[in-house]
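Chemist: Let me see the structure of the following:
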Amino acid sequence: MADYRARPKADFIQETNWQELYVLTNHWKSDMLFYKDDLKFLHHLIDKYFIWITQKDNINEVQEIGRDILKDTRECELLIEKIENHLLHIGTAIKEPLKKDSGKFRDEHQELEDEIAYFIKTVRENRKQLFKVTEHVLDSEQLAHLVEK
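Modeler: Here you go, the predicted model:
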């Protein structure tokens, strides 16, 4: 299984300073905004080709992957919101260093990173499935149209 984490080394989160955590978290936000646009494109792809589908099996397959893309879109929005809140907390920590909760906050940072890594893995799998289904649908629908002529 591929590792989708963007941190430089395994113990980076526990050992680095707040400014570097802020930069890393900003990188996560940028990635998530990219995935938000990517998911919008994938949803548009489904909408564009859905009207051409005539076979019931193909409709069911596309609807299923469409639901997965919508679920990913909602998850992306939630993660962006979490990241923005996290950036605010890190900004506060930079201005007024956390004393007691530093370890807990860094653990939460790691949990957020794990959520993002899982999200990226899921989106990539769903994108691959969408392209596979789209290719199958286009091939089978094209064949059906040729048989009708």
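Chemist: Check which helix or strand the residue lying closest to K29 once chain neighbours are set aside maps to.
Modeler: Excluding its sequence neighbours, the residue lying closest to K29 (Cβ to Cβ, 6 or more residues apart in numbering) is I83, at 4.7 Å. Every residue, glycine included, has its C-beta placed from N, CA and C. Using DSSP states H and E, I83 sits within helix 56-95.
Chemist: Tell me the pLDDT of H43.
Modeler: pLDDT recorded at H43 is 91.
Chemist: quick one: contacts for it?
Modeler: Contact analysis of H43 by Cβ atoms under 8 Å, 6 or more residues apart in numbering lists 66, 69-70, 73.
Chemist: Please identify, among the residues you listed, the one with the most neighbours.
Modeler: For the contacts of H43, neighbours were counted by other Cβ atoms under 10 Å; the highest total belongs to I69, with 22 neighbours.
Chemist: residue contacts, it?
Modeler: I69 neighbours (Cβ under 8 Å, 6+ apart): 39, 42-43, 46, 126, 130.
Chemist: Now render these as a markdown table, adding distance to A93 and secondary structure.
Modeler: Shown next, in a markdown table, are the contacts of I69 (distance: Cβ to Cβ, whole Å; DSSP: H, G, I helix; E, B strand; the rest coil):
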| residue | distance to A93 | secondary structure |
| --- | --- | --- |
| L39 | 31 | helix |
| L42 | 36 | helix |
| H43 | 37 | helix |
| I46 | 41 | helix |
| N126 | 35 | helix |
| L130 | 40 | helix |
